[in-house]
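# Generate coordinates for the sequence data below:
(2 chains)
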Amino acid sequence: MITNLGEKIAHKLAVSGTISSDDVDLYSYGFFLLLSSALYLVVVAIFGIAFGILWESIVFYFLFSVIREYAGGIHAKTEHGCMLSTILALLLSTVGIRGMLQAEHSTMAMMLLIVGCAVVFLFSPMDVQEKPLSINDRLYYQRIARWLATAYALLGIWATAARWDILYPIAASATLEGILLLAGTINQKIAHSEKTE
Amino acid sequence: MKNAKEMVAALAKQAAEKALRRDANRTSCSLIYQPKIPNGLYRFKKEKR
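Model (predicted):
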């Protein structure tokens, strides 16, 4: 759906002479990235408004996007699968933030945050078949992902001490990234062992 | 009218390039679906590490 829309925009730009016809695939991909991010931002904002935690949900989406782009993790095989799983993940995360906020589960949030950050620290970066990384890239992204995980953990500790509600979106973003990274690592190990058998 | 259309097209191109530059310098996209990357993406990659 979003891929088709991206392709249509890129074709229009090629017809108008704004981009070269050789670059249609490239710009289609660019528009896919752009439109998808915008769509999920709207989705997360709607969930945020519905649950009365608009700014927390937007902070969560921003923090999750940043760490996800460097640490990587599992990806859905199809675009429809992606839409469903992303919307479900965003919904569950928003519900989780709201639940922890209402119950003031700061200890639980801190535990989730530490576990999520530890997973990122240990297993990132995880590339995918569609976008393989060179050794240099792996080392570079690993360094950034580890810095981010450390920054999230420190920010979480500070938020707990200051009794600031930002703890919950940070915890949710680290937890979701930890789950996706762990799932991706397990998936890769299974695929690797099946290949070697 | 033509100028407005050209301006919108140029802005759209710039926005797509910004997204491509960002993606070329990241492990994967933040979304749960990662399409196969187009060949020209490495044009947007920063060389220095």
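# Using the three-state scheme, assign residue B:23.
helix (DSSP: H, G, I helix; E, B strand; the rest coil).
# Give me the distance between it and residue A:25.
Residue B:23 sits at a distance of 14 Å from residue A:25 (criterion: C-beta to C-beta, to the nearest Å). (Glycine included, C-beta is placed from N, CA and C.)
# more neighbours, these two?
Ranked by neighbour count (other C-beta atoms under 10 Å in any protein chain shown), residue B:23 and residue A:25 place residue B:23 first, with 24 against 16.
# could you measure the more buried one against residue A:32, distance?
From residue B:23 to residue A:32 the distance is 10 Å (C-beta to C-beta).
# Ok, residue A:23 next?
Taking C-beta to C-beta as the measure, residue A:23 falls 14 Å from residue A:32.
# residues touching the residue in chain B positioned nearest to chain A, list them.
In chain B, the residue that lies nearest chain A is residue B:33 (2.9 Å; C-beta to the nearest C-beta). With contacts defined as C-beta atoms under 8 Å, 6 or more residues apart in numbering or on different chains, residue B:33 is in contact with A:36, A:75, A:76, A:78, A:79, A:81, A:82, A:83, A:86.
# If you drop the residues flanking it in sequence, what lies closest to it?
Nearest in space to residue B:33, with sequence neighbours left out and distances taken as C-beta to C-beta, 6 or more residues apart in numbering or on different chains, is residue A:82 at 2.9 Å.
# residue contacts, residue A:1?
A:79, A:80, A:83.
# Tell me how chain A divides into domains.
A:1-38, A:52-196 (automatic domain parsing).
# No further questions, thank you.
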